[in-house]
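Colleague: would you be able to build a 3D model of this:
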Amino acid sequence: QLQLVESGGGLVQPGGSLRLSCTASRFTLDYYSIGWFRQAPGKEREGVTCISSSGRTTNYADSVKGRFTISRDNAKNTVYLQMNSLKPEDTAVYYCAAREITTVQAMCAMRYDMDYWGKGTLVTVSS
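Modeller: From the prediction side, this is the model:
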């Protein structure tokens, strides 16, 4: 079964950092744009950041610009989300998704269905 798997979530204090990873089971991510999305309790899922298949183009939500960085290592078949200066409002379940044909802007805006979703990893920012 083809799937994405997220890891790296946990409990962190405000101002702290976490790095999430998204890896693929049984397929290569090389040809896919990858996005990180999050859903907080009682809120809709939102796009956080997306990266093109080449890694040359990225898109960030205004709320995370300057704090979060997306990157990919195609040799390891993994996409990373480095989260710094975390705030309580960053608390959410974080999901990664893959789509083969899209712009990063359209992907982060969730204009189209994703090809694959992971099951999510919980990030809790609290003192």
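
Colleague: residues contacting the residue nearest to D90 when sequence neighbours are not counted?
Modeller: Among residues not flanking D90 along the chain, V125 sits closest, at 5.1 Å (Cβ to Cβ, 6 or more residues apart in numbering). The way it works is simple: take the backbone N, C-alpha and C, and place the C-beta from them, glycine included. V125 is in contact with 12-14, 16, 86-91, counting by Cβ atoms under 8 Å, 6 or more residues apart in numbering.

Colleague: so of these, which ones are in helices?
Modeller: Nothing among the contacts of V125 maps onto helices, per DSSP state H.

Colleague: I'd like the residues you listed written out as a markdown table, with neighbour count added.
Modeller: Below are the contacts of V125 laid out as a markdown table (neighbours: other Cβ atoms under 10 Å):
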| residue | neighbour count |
| --- | --- |
| V12 | 18 |
| Q13 | 10 |
| P14 | 13 |
| G16 | 14 |
| L86 | 22 |
| K87 | 13 |
| P88 | 11 |
| E89 | 10 |
| D90 | 22 |
| T91 | 17 |
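
Colleague: is the residue nearest to D90 in a bridge, and if so with what?
Modeller: V12 (DSSP bridges).
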